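Chemist: Structure of the sequence below:
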Amino acid sequence: MTIVVTGATGQLGRHVLEALLERGVPAQDITATGRSVAKLADFASRGVKVQPMDYADAGSVEAALKGARRVLLISGSEVGQRVEQHRTVIGAAKAAGVELLAYTSIANADTTAMVLADEHKATESLLLESGVPFVLLRNGWYLENYTEQLAGTLAQGAVAGSAGNGKVSGAARVDYAEAAAAVLMADGQAGKVYELGGDEAFSMADLAAEISAATGKAVSYNDLPAEDYAGLLTSVGVPGGFAEILADSDLGIARGDLLVSSGDLRRLIGRPTTSLAEAVRSAAASA
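Modeler: This is a model prediction of the structure:
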């Protein structure tokens with residue numbers, strides 16, 4: 001089969017490529033696409049086909065998907081532009097006659113009120129209307145959303161947010177990537193919806209406690225009104241619009257919008273998901 005991974009230059013995409021290779025998919029049967037193919041040189045050297053593709057360039061999308069049987073559409077990173085970009089990919093997939101299009105959506109997309117989910121909901125509707133056989137990978141929060149901010153958290157001595165006592169079912173990028181690879185390699189996936197999240201949900205207070213335990217430095221959780229949290233984010237360089245989306249997402253966590261109890265992720269990858277403690281310890285060790 002020919003598997004095309006879009007957005008393969010990103011961290012999730014690279015993990016998916018690695019997972020496909022580790023699971024025995026021949027390199028020549030994998031096409032990695034992205035705007036900067038130079039970033040995929042290491043995979044090209046291993047025999048993976050590399051194709052330039054920009055979600056906003058319909059011609060490049062059509063060329064990249066030509067001959068594809070299965071496609072992983074990793075959601076775009078440009079908030080506000082993603083629906084049209086995804087529409088382009090879905091249209092090209094339909095024209096190419098792909099047998100399966102897997103899309104990385106967001107956890108509980110059909111019920112969450114989070115602003116961040118709006119474009120995912122719209123994309124799911126496009127898929128439903130397109131007639132393309134598809135499977136939804138509703139990914140929960142990445143543990144890296146927190147561990148990659150470890151230096152700043154330690155500098156401030158606190159985790160800041162607006163999540164209250166809410167819990168989130170976080171997992172590592174590699175977990176979600178392995179799940180995507182498993183689905184792309186399996187038959188009979190069209191029409192399935194996977195709610196993906198970590199085995200153990202945690203609160204922001206739990207996160208602060210894990211950071212304290214791993215680093216030996218006292219870290220607390222500072223719960224803020226959403227407006228104040230958005231202001232804090234903008235003060236450290238986060239664009240205003242995105243800061244508001246992140247604050248709104250924390251309110252979603254407070255409501256339980258990012259809780260996942262399906263067990264789908266664990267079953268797909270055939271092992272326990274990466275725990276918060278593991279992720280924090282690893283980040284602290286490499287800091």
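
Chemist: Report the contact partners of the most centrally placed residue in the chain.
Modeler: Central residue of the chain (CA atoms, centre = their mean): residue 139, 5.7 Å from the mean position. Neighbour list for residue 139: 104-107, 176, 196 [criterion: CB atoms under 8 Å, 6 or more residues apart in numbering]. Just so you know, the C-beta spots here come from the backbone N, C-alpha and C atoms, and that holds for glycine as well.

Chemist: The residues you listed in strands, which ones?
Modeler: Using DSSP state E, the members of those that fall within strands are 104-106, 196.

Chemist: Tabulate these (JSON lines), appending distance to residue 180 and pLDDT.
Modeler: Formatted as JSON lines, those follow (distance: CB to CB, whole Å; pLDDT from 0 to 100):
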{"residue": "104", "distance to residue 180": "7", "pLDDT": "98"}
{"residue": "105", "distance to residue 180": "12", "pLDDT": "98"}
{"residue": "106", "distance to residue 180": "14", "pLDDT": "98"}
{"residue": "196", "distance to residue 180": "9", "pLDDT": "98"}
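
Chemist: Closest one of those to residue 48?
Modeler: Closest approach between the ones in strands among the contacts of residue 139 and residue 48, by CB to CB: residue 104, at 19.5 Å.

Chemist: From what I see, that closest one and residue 76 are in contact.
Modeler: No: in this structure, residue 104 is not within contact of residue 76 by CB atoms under 8 Å, at 10.1 Å.

Chemist: got the residue ranges for the strands in the stretch 151-287 of the chain?
Modeler: 158-161, 167-168, 193-196, 202-203, 220-223 (DSSP state E, counting those that start in this stretch).

Chemist: Output the first one in CSV with nothing but the alpha carbons.
Modeler: These are the backbone C-alpha positions of strand 158-161, laid out as CSV (Å, rounded to 0.1, in the frame of the first residue of the first chain):
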residue,chain,number,x,y,z
ALA,A,158,4.4,27.9,39.3
VAL,A,159,2.2,26.4,36.7
ALA,A,160,-0.3,29.0,35.6
GLY,A,161,-3.7,28.4,34.0
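
Chemist: chain center to it: distance?
Modeler: 22 Å (CA atoms, centre = their mean, to the nearest Å).

Chemist: Looking at the strands of the stretch 151-287 of the chain, which is nearest to residue 93?
Modeler: Once the strands of the stretch 151-287 of the chain are compared by CB to CB, strand 193-196 is nearest, at 18.1 Å.

Chemist: Note down every partner strand of that closest one and its orientation.
Modeler: Sheet neighbours of strand 193-196, with direction, are listed as strand 134-139 (parallel) (DSSP bridges).

Chemist: The strand it pairs with: what's the following helix or strand?
Modeler: Heading C-terminal from strand 134-139, the first helix or strand you meet, by DSSP states H and E, is helix 144-147.

Chemist: Quick one: list the elements packing against that following helix.
Modeler: helix 276-286 (3 or more CB pairs under 8 Å, 6 or more residues apart in numbering; DSSP states H and E).

Chemist: Buried residues of the helix it packs on, list them for me.
Modeler: Going by neighbour count (16 or more other CB atoms under 10 Å), the buried part of helix 276-286 is 276, 278-281, 283-284.

Chemist: Kindly report the same for stretch 264-274.
Modeler: So, applying 16+ other CB under 10 Å, buried residues of stretch 264-274: 264-266, 268-269, 273-274.

Chemist: Give the rounded mean pLDDT of it.
Modeler: Mean per-residue pLDDT for stretch 264-274: 98.

Chemist: Show me what that stretch is in contact with.
Modeler: Contacting residues not belonging to stretch 264-274 are listed as 140, 143, 171-172, 174-176, 178-179, 182-183, 194-199 [CB under 8 Å, 6+ apart].

Chemist: For my notes, confirm residue 32 occurs in a strand.
Modeler: Yes: read with DSSP: H, G, I helix; E, B strand; the rest coil, residue 32 is one of the residues of a strand.

Chemist: Let me see the contact set for it.
Modeler: 5, 8-9, 13, 17, 40, 43-44, 48-51.

Chemist: Residue 50 versus that one, what's the distance?
Modeler: To residue 50, residue 32 is 5 Å away according to CB to CB, to the nearest Å.

Chemist: Could you do residue 171 as well?
Modeler: Residue 171 is 28 Å from residue 50, by CB to CB.

Chemist: more crowded one of those two?
Modeler: Taking neighbours as other CB atoms under 10 Å, residue 171 and residue 50 compare with residue 171 leading, 30 against 21.
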